[in-house]
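A.B. asks: Provided below for reference: sequence and predicted model.
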Amino acid sequence: MTERAASLRPAHGDDVPRFRYDAALANDIEARWQDRWEAEGTYHAPNPSGELSGGFERVAGRPKLYVLDMFPYPSGVGLHVGHPLGYIGTDVYARYKRMTGHNVLHAMGYDAFGLPAEQYAVQTGQHPRVTTEANIATMRRQFRSLGLGHDDRRSVATTDVDYYRWTQWIFLQIYHSWFDHDAQRARPVAELEAELEAGTRLAVDDEHPEGRPWPALSAAERRRFIDDQRLVYLAEAPVNWCPALGTVLANEEVTAEGRSERGNFPVYKRPLRQWQMRITAYAERLADDLDLIDWPERIRTMQRNWIGRSVGATVRFPLADDPSNTVEVFTTRPDTLFGATFMVLAPEHPLVPQLVARAWDPSAPPSWRGAGLNGIIDGVPATGWASPTDAVAGYRRYASTRSDLERQVEGKAKTGVWTGAYAVNPTNGQHIPVFIADYVLMGYGTGAIMGVPAHDQRDFEFARDFDLSVVGVVRPPDTWYEDRGLAPGSPASAWPEAFTGAGEAMASANQGVSLDGLATADAIATVNAWLAAAGAGEATVTYRLRDWLFSRQRYWGEPFPIVYDDEGLPVALPESMLPVALPEVDDYRPTVVGDDDSLPEPPLARARDWAQVTLDLGDGPRTYRRELNTMPQWAGSCWYYLRYLDPHNDAALVDAAVERYWMQGSTSEGAPASGGVDLYVGGVEHAVLHLLYARFWHKVLFDLGHVSTPEPFQRLFNQGYILADAFVDERGVYVDASQVVGDVESGFSFEGRPVQRQVGKMGKSLRNAVSPDTIRAAYGTDTLRLYEMAMGPLDADRPWNARDIIGVHRFLQKLWRNLVDETTGESRVVTTAPDDELRPALHRTIAGVRADMDALRFNTAVAKLTELNNRLTRTQSGAGGGGGTAAEVADALVAMLAPLAPHVAEELWARLGHDTSVVWAPFPVADPALLVDDEVELPVQVAGKVRARVRVAADAGDAAVEAAVLADPRVQAALAGRPVRRAVVVPGRLVNLVV
RNA sequence: GCCGGCGUGGUGGAACGGUAGACACGGUCCCCUUAAAAGGGACUGCCCUCGGGCGUGCGGGUUCGACUCCCGCCGCCGGCACCA
């Protein structure tokens, strides 16, 4: 201990005590302990078996705990103080849990594929791997200097060939699977083929809903059928093409405004042949299983919104001219079927060409021919189009040129045109016109709707513009009429808007069924039963979720383990040919061919020797073309939490026993509801991207038996963002916030020019980032950690306030001073027992800090430690002070500080005479006997206001307390002679006298 | 429009239905010092006639008692949205 004390390098000025806890001393302590932790492998968490199992016997009796941070992208500019908030939070929790007897796994890796490194490569010609690896090294250094206790043997990067080999392997697992809707799970394609061959299953697809026997299919048909069943498949579909990013994007990567999530660039719909992952097959489980996991309500709601489950019915409407042909619609209100007075199909609906009539029905209103669209759509004559064929062609052309963005901007004005055809309302036999209109989307439901203008506002507006009748079949409440100035019971033709609420069904009866008088929920059930019996439809659930577009036209991503044969059909490579390593190219830019909005050829096309390959896939050497797209960045982050468990395994992505131990093993709280990572901390921005994709992959792996839990992340916690003042100049450009001077009263200025203050998320784009290095240099890492934890609850956004940091620094300084003499470096700890006030205070602190740590309330834990330390300070500086700090209190205080400020805690722990690391020390346990006082001070309320405080014995009975209270002169004064009607005694809390 | 979350001192924030404002910043005063810094101590929600009055976005309700629970508003943040 003296040796360590002597090794301190006092870098202070003459007048600063030599052993004061300041930045220089803190930095010295921190550097030494970081070296020692690394040398001793202090944070290594042993696996139960296999390569990393050394030392497991030491923790074998402990419950496991898996604490995880969201995978960071290794950015070139390094961390700012906003980044580590969540990382420090998990570190504190992991350290606390280790001290309370858990085997804690906490590791860190790098989501290192992605655009910035590639864009930098395009600019500089530097290989993305070079920048990526340099950035990872920088980030690793920064994490180390924050004192984060990661098991560094488990670190992975998605860009490591050994890692993405397994990403490709998972892709193959998904490729070789199909979704068995009866079993509601993924199964190997091989099982599907076996059942088809055995004749126990027919080949059912959209064109053959009745199913075909397997022998009836040609070899090519069989292959196409199987490929169409796979969980990952090639399909021609309208996709989101973002020219500015040079790639297509998944729906989840496009904002509601039709721009890219990353960079906010415009996105265009373009039909392209791309890889898609069949996440829609899992829509129901992804929605239902949200109930199994302990996630913030906000995130679960976002996922539910995104999945967009909608309960209703599909109904088939026969065409009037050709009853064998039907148009299927989806509706959430089948109870309004009797009020359907028209139908609308999406313009791209495949049935449109078949149902277009030859000529207009002369009795139909001119508006149906598009007469009202003159001026809205180019080329429409004032009288409307001459024939249905012209109208449909004209309208389809118009609709196809409109981007999602335009449709947003142009608002809700309804356009559309009649196809000339009629369909038959199956409930009442009425012939109703069939329109096409772009307010009906091909991508949702069946791409066709029934128009019930009385009970759907969009249909109502369409009916108004196209002179369609409005028939009410649900009676609104009288107040609804009155609010609109109508007499109750007025016909729907007089309504100013649709009535979309629930009500009593009316005018809804035929020979087979009557809904009249039924409440909406009953009417839906009744009509659904009738539809099924009549063969006209059935209850159905649809989802808004679309399949996941999985191809990217980038270089810096995982290559697909896919080649194309000479028929142009995809062939999966065998596992033995993994990894498919990224080839070298001379330029990382996509090759632009033709006009600038055409899809460029991916950069991998430049690797010509790689793109063409001769392989023996079982039928002799043949030439194949490789897939040139790469996987999206989300691929690698879908499963990294599994690789941390067994990072070097080259026989499996994770060993089964190791996976079971960490993912579903016993926890201190008993059996988990769904298993998985015990605590996952990250930002809210991944609510429907990473978190949805990862759940999807995990469920596929679960179905195939590669993991043992249905969900990957049992508990999710969203850390808040650090906000900071940002400043804009007169042009609205952000200026470097650190160079701004002034204050609220006198105004702010930058280089002499006035600037406006804003508050925003700390970051590069607002030029308001604060580097951890700055804070470390001024106060030390422990102060930074403590400040980030103390400034507020972990899940709240909070403004960075440099002025407040001194507060927690003073706390550490005072704590140090209570244990160490600042001038001599001698211990101020004494073996004397704490007195009768201090010891209970200590135990109350222990109990409180434990509860706070368990609940991730680190801010209040810090407050409680501060309070206890202030009490020590008062004792030492007060009358008769200088007696030193009782070792019993010092030990406990330092141990409780260890998760939050591990370096100074280690230093003090060693100075207290311990020769093993505080990281593995037991967390103090409160003695319950010391948590109850002999005597308590009760506030006394008279008529709800606190008027006095009375000391009574803690175990006094209600009557005794009441008597003591009534005897108090201040109580008597407050009562002023009024009789006490009732005395409420809350033992140990307060007394309320009701007058 | 639908859904979710949040509104507490000058500031960040505390409060199992039980003393509103813990802890910290800032501020005022005092001690130490030749002085300053650092350090230590006291006070610090608002109003006030110094007895008290008022206070957790607003208005109701439940309760002996409400920041907390319920109902109705307002404001801010976020998600979804021509989704049938």
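C.D. replies: That came through, no problem. Numbers count the residues shown, from 1 in each chain, chains lettered A, B, ... in the order given.
A.B. asks: Can you list the residue ranges for strands in the stretch 451-600 of chain A?
C.D. replies: Under the criterion DSSP state E, counting those that start in this stretch, the stretch 451-600 of chain A contains strands at A:474-475, A:504-505, A:537-542, A:548-549, A:562-564, A:570-572.
A.B. asks: so which of those strands gets nearest A:R798?
C.D. replies: For the strands of the stretch 451-600 of chain A, the distance to A:R798 is smallest for strand A:548-549, at 34.8 Å, taking C-beta to C-beta. In this view, the C-beta of every residue, glycine as well, is placed from N, C-alpha and C.
A.B. asks: In contact with A:G883, which residues?
C.D. replies: Contact analysis of A:G883 by C-beta atoms under 8 Å, 6 or more residues apart in numbering lists A:830, A:832, A:875-876.
A.B. asks: How about A:D522?
C.D. replies: Per C-beta under 8 Å, 6+ apart, neighbours of A:D522: none.
A.B. asks: if you set the cut-off to 10 Å instead, what comes out?
C.D. replies: A:335, A:504-505, A:515 (C-beta atoms under 10 Å, 6 or more residues apart in numbering).
A.B. asks: Are we agreed that A:V961 is in a helix?
C.D. replies: Yes: counting by DSSP: H, G, I helix; E, B strand; the rest coil, A:V961 is located in a helix.
A.B. asks: give the contact list for the residue of chain A found nearest RNA strand B.
C.D. replies: Of all residues in chain A, A:G807 sits closest to RNA strand B, at 2.2 Å by C-beta to the nearest atom of the strand. Contact partners of A:G807, counting by C-beta under 10 Å, 6+ apart, are A:783, A:786-787, A:790-791, A:801, A:862, A:866.
A.B. asks: now do A:S827
C.D. replies: Contacts of A:S827 by C-beta under 10 Å, 6+ apart are A:1, A:5, A:819-821, A:884-885, A:887, A:890, A:908, A:911-913.
A.B. asks: swap in A:H686?
C.D. replies: Contacts of A:H686 (C-beta under 10 Å, 6+ apart): A:70-71, A:252, A:299, A:634, A:637, A:692-694, A:716, A:718.
A.B. asks: Report the central residue of chain A.
C.D. replies: The residue lying closest to the centre of chain A (C-alpha atoms, centre = their mean) is A:A687, at 2.1 Å.
A.B. asks: Tell me the spacing between the spatially closest residue to it that is not a sequence neighbour and A:S310.
C.D. replies: What sits nearest to A:A687 in space, not counting adjacent residues and going by C-beta to C-beta, 6 or more residues apart in numbering, is A:M302, at 4.3 Å. A:M302 is 17 Å from A:S310, where distance means C-beta to C-beta, to the nearest Å.
A.B. asks: A:D678 now?
C.D. replies: For A:D678, the distance to A:S310 - C-beta to C-beta - is 34 Å.
A.B. asks: Same question for A:I806.
C.D. replies: 55 Å.
A.B. asks: residue ranges of the strands in the stretch 601-750 of chain A, please?
C.D. replies: Per DSSP E, counting those that start in this stretch, the stretch 601-750 of chain A carries strands over the ranges A:612-616, A:621-626, A:679-682, A:716-718, A:722-728, A:734-735, A:740-743, A:747-750.
A.B. asks: need those in JSON lines with mean neighbour count, can you?
C.D. replies: JSON lines is the format used below for these (neighbours: other C-beta atoms under 10 Å):
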{"stretch": "strand A:612-616", "mean neighbour count": "12"}
{"stretch": "strand A:621-626", "mean neighbour count": "15"}
{"stretch": "strand A:679-682", "mean neighbour count": "23"}
{"stretch": "strand A:716-718", "mean neighbour count": "22"}
{"stretch": "strand A:722-728", "mean neighbour count": "21"}
{"stretch": "strand A:734-735", "mean neighbour count": "19"}
{"stretch": "strand A:740-743", "mean neighbour count": "13"}
{"stretch": "strand A:747-750", "mean neighbour count": "16"}
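A.B. asks: need the least confident one among those strands, by mean pLDDT.
C.D. replies: Mean pLDDT values for the strands of the stretch 601-750 of chain A show the minimum at strand A:740-743, a mean of 76.
A.B. asks: Which residues outside that one are in contact with it?
C.D. replies: Strand A:740-743 is contacted from outside by A:725-727, A:729, A:747-752, A:754-755, A:757, A:767-768, using C-beta under 10 Å, 6+ apart.
A.B. asks: Alright, calling it a day.
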